[in-house]
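*Asks:* got a sequence here, can you model it:
(chains A and B)
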Amino acid sequence: MLQTETICVAASGDIVAVRHAVRRQAVKIKLSLVDQTKIVTASSELARNMLVYGGGGEVTLELLQEGVRHGLRAHFVDAGPGIPDVNLALRDGFTTGNGMGLGLGGAKRLVNEFSIESTVGKGTRVTITRWR
Amino acid sequence: MGDFLLVTIQVDMHDQLASALQDDLTNKIAKVNAKGVLIDISSLDIVDSFIGRMLANTSAMARVLDAQTVVVGMQPAVAITLVELGLNLSGVHTALDVEKGMEMLRRHIGITELDGDTSASD
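*Replies:* Next up, the predicted model:
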């Protein structure tokens, strides 16, 4: 495992920077165009969630290799208020903001692996992986 | 074209820019009394929920202002991702390219005018 890149998300322009960085890494491991689009879109949703609900945070991208398999993993870490009920937050249509409530559940559908850890008062970490 | 507005989105828009475009476009529709709006997104390599919402809102606002919106040129990979994300863009008309979108608008406006004629002769 090789750590490749960390991007700070503090303003909406940084979401664009996250999209570009994820795209760059996805191209590097030769994900198909559809799979690139999926992980870039999922990352855009998660980076925005982090900014809107977590007060900003950091995205770290890693390239993985397991035998012949290559993968791209992205961690979204904030020190925001945390999510009291993660299962509820994953449900489509659930939102406490003014979005459409597709962010978490939608992002989960677009990747191969998805995990979320959240502690109220401490923050949230979401990790997604897309394999080639 | 007179009656139609054509908007081509050529950059990866951050959220404020997408919101600004939505407002500008809505104002422009009212100002020039546009009957149709074509939004060309063929340069966009992703549409996430924010941009999707911007397209849906613009389309809804245009409708209230008596204008029809057609979103054209969505890349197949974007369409696949959008549906899996859970965004079906209901209420947003789409066409494959600008030409087909224009046809769609002409047809729609033709029908509306026809309706107008019928009611005028009643």
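*Asks:* dump the longest helix along chain A to CSV, keeping only the CA atoms.
*Replies:* When chain A is parsed with DSSP state H, its longest helix is helix A:33-54. The C-alpha coordinates for helix A:33-54 follow below in CSV (Å, rounded to 0.1, in the frame of the first residue of the first chain):
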residue,chain,number,x,y,z
LEU,A,33,-14.3,5.0,-17.8
VAL,A,34,-17.6,4.0,-16.0
ASP,A,35,-15.7,2.9,-12.8
GLN,A,36,-13.7,6.2,-12.9
THR,A,37,-16.9,8.1,-13.2
LYS,A,38,-18.4,6.2,-10.3
ILE,A,39,-15.5,6.7,-7.8
VAL,A,40,-15.1,10.4,-8.8
THR,A,41,-18.9,11.0,-8.3
ALA,A,42,-18.9,9.1,-5.0
SER,A,43,-15.9,11.2,-3.9
SER,A,44,-17.6,14.4,-4.9
GLU,A,45,-20.6,13.5,-2.7
LEU,A,46,-18.5,12.5,0.3
ALA,A,47,-16.2,15.6,0.1
ARG,A,48,-19.3,17.8,0.0
ASN,A,49,-20.8,16.0,3.0
MET,A,50,-17.6,16.5,4.8
LEU,A,51,-17.7,20.2,4.0
VAL,A,52,-21.3,20.8,4.7
TYR,A,53,-21.8,18.6,7.8
GLY,A,54,-18.3,18.1,9.1
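*Asks:* continuing past it, what's the next helix or strand?
*Replies:* The C-terminal neighbour of helix A:33-54 among helices and strands, as given by DSSP states H and E, is strand A:57-66.
*Asks:* is chain B contacted by that next one?
*Replies:* No - Strand A:57-66 stays clear of chain B (Cβ under 8 Å from any Cβ of the partner chain), getting no nearer than 14.8 Å. Every C-beta, even on glycine, is put in place using the N, C-alpha and C of the backbone.
*Asks:* and that strand, what's buried?
*Replies:* A:Gly57, A:Glu58, A:Val59, A:Leu61, A:Glu62, A:Leu63, A:Leu64 (16 or more other Cβ atoms under 10 Å in any protein chain shown).
*Asks:* any idea which helix or strand carries B:Thr94?
*Replies:* Short version, using DSSP H and E: B:Thr94 is in strand B:93-95.
*Asks:* let me see the mean pLDDT of that strand.
*Replies:* For strand B:93-95, mean pLDDT is 96.
*Asks:* with stretch B:106-115 instead?
*Replies:* Here the average pLDDT along stretch B:106-115 is 76.
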